[in-house]
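Q: Provided below for reference: sequence and predicted model.
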Amino acid sequence: MRTMKQAAMQSSRTLAIMIGLAVLAALTSVQAAQAATMISRADLQGTQVRIEGSGATPSAKLLVNGGTLTGTADSAGGFKITSASFAAPADCKVTVSDGSTSATRTLSGCTVSQPPPSSPPPPSSPPPPPTSVSLTSLVVTPIDVVGGNAVTGTVTISTTAPAGGFVIGVSSDNTVAATVPATVTVPAGATRATFTVTTNPVTNAQSALIIGTVGGDFSTARRAIVTVWDPFQFANGSVGVTTGGTGAGRVVSQPAGVDCTIANGGGTGACSAFFPVGTVVRLSAQAAANSTFVGFNPRPGCVNASKVTVARGTRHICQPGFLLK
């Protein structure tokens, strides 16, 4: 009789754990369903891309076109994703997904690839050699910088500049973050010239689009993106813990920083901590005497709580599951 009672008690505990895991999964699904990812801006110039938007799951890892490019939403669900080596899709569309919802937008500055003609056109006379000079590229280095530090911009033209040089107009779409000279001149006989992008101290990360044109004609525009950071966000990211389940327990980190006690649906102590960019943080959990630890709930930015790599200016949130016995 005693053995049968013990078996029944063990079966009840197992059932309670399974129910708790189902509740955690349902909560995660509801949170994801509430997100409404939107793309407000999508620019492409050559291989440089800039995608901005809002409505993503806070701190979620974001995939562009299934993972050809990645980013992370901020704590409010906003995002800015940039790359200097992005291959334009054939249809010029980008889709941003946070794992729950997604949004699609056509890239400005991108030309849709056309299929080859069914038959070759009749032969024609070869075109005459080009006689005009055009702007072929504009790049900035580095693309991430602490405000107050200078960035170097470089413009390249299609052929050597004529006598007297070749003038290119330059502008910034966010002068709070970065400013540039009004023009840069490629010297006679040269094909490129450099200029200084002056960045300003900021209290939160901001991007600036640097634009080069010939004669003020935006059909000739070439663009590059620089992101300006405050010193702390440039060097750090954070790892935090949010509550999950009905039980109680404690979560600590290695390296030290997080030491959070969870009970009654809330957390006390150091439930979030900053770590240098690139630090691999390991979280471990210990259930209270009246509870059982059932694992960490995989979340964007914290898929594996035993190996969280801290990203620049990013808040990684992990959710342990504690259930009452």
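A: Yep, that arrived.

Q: what is the helix or strand encompassing Thr213 packed up against?
A: Element membership for Thr213 (DSSP states H and E) is strand 206-214. Contacting strand 206-214 under the criterion 3 or more Cβ pairs under 8 Å, 6 or more residues apart in numbering; DSSP states H and E are the following elements: strand 48-54, strand 135-141, strand 166-172, strand 217-229. The way it works is simple: take the backbone N, C-alpha and C, and place the C-beta from them, glycine included.

Q: which of the ones you listed has the highest mean neighbour count?
A: strand 48-54 (a mean of 22; mean count of other Cβ atoms under 10 Å).

Q: so Ser158 sits right up against Val186, yeah?
A: No: Ser158 lies out of contact with Val186 (Cβ atoms under 8 Å); the separation is 10.7 Å.

Q: the more surrounded of these two?
A: Set Ser158 next to Val186 and count neighbours by other Cβ atoms under 10 Å: Val186 wins out with 22 against 13.

Q: which residues does the more buried one bridge with?
A: Under the criterion DSSP bridges, Val186 forms beta bridges with Phe166.

Q: who's in contact with the residue sitting nearest the centre point of the chain?
A: Centrality entry for the chain: nearest residue to the mean C-alpha point is Gly71, 2.2 Å, by Cα atoms, centre = their mean. Applying Cβ atoms under 8 Å, 6 or more residues apart in numbering, we find Gly71 in contact with Ile51, Lys61, Leu62, Val64, Phe79, Lys80, Ile81.

Q: and for the helix or strand harbouring the third one, what's in contact with it?
A: Assigned by DSSP H and E, Leu62 falls within strand 61-64. Counting by Cβ under 8 Å, 6+ apart, strand 61-64 makes contact with 51, 56, 69-73, 79, 81, 94-99, 300-301, 303, all of which sit outside it.

Q: quick check: neighbours of it in the sheet, parallel or antiparallel?
A: Note on strand 61-64: by DSSP bridges, its sheet partners are strand 69-72 (antiparallel), strand 93-97 (antiparallel).

Q: what are the contacting residues of the last one?
A: Contacting residues not belonging to strand 93-97 are listed as 37, 39, 42, 49, 51, 53, 56, 62-66, 79, 81, 102-107 [Cβ under 8 Å, 6+ apart].

Q: and with 7 Å instead?
A: Outside strand 93-97, the residues that touch it by Cβ atoms under 7 Å, 6 or more residues apart in numbering are 37, 39, 42, 51, 53, 62-65, 102-107.

Q: filter those residues to the buried ones?
A: Neighbour-count burial (16 or more other Cβ atoms under 10 Å) applied to these gives Thr37, Ile39, Ala42, Ile51, Gly53, Leu62, Leu63, Val64, Ser102, Ala103, Arg105, Leu107.

Q: please name the residues that touch the first one.
A: Under the criterion of Cβ under 7 Å, 6+ apart, the neighbours of Thr37 are Gly53, Gly55, Ala56, Val96, Asp98, Thr101, Ser102, Ala103.

Q: then the last one?
A: With contacts taken as Cβ under 7 Å, 6+ apart, Leu107 has the following neighbours: Ala42, Asp43, Leu44, Ala88, Cys92, Val94.

Q: mind redoing it with 6 Å?
A: Leu107 is in contact with Ala42, Leu44, Cys92, Val94, counting by Cβ atoms under 6 Å, 6 or more residues apart in numbering.

Q: what of the third one?
A: Ala42 makes contact with Ile51, Val94, Arg105, Leu107 under the criterion Cβ under 6 Å, 6+ apart.
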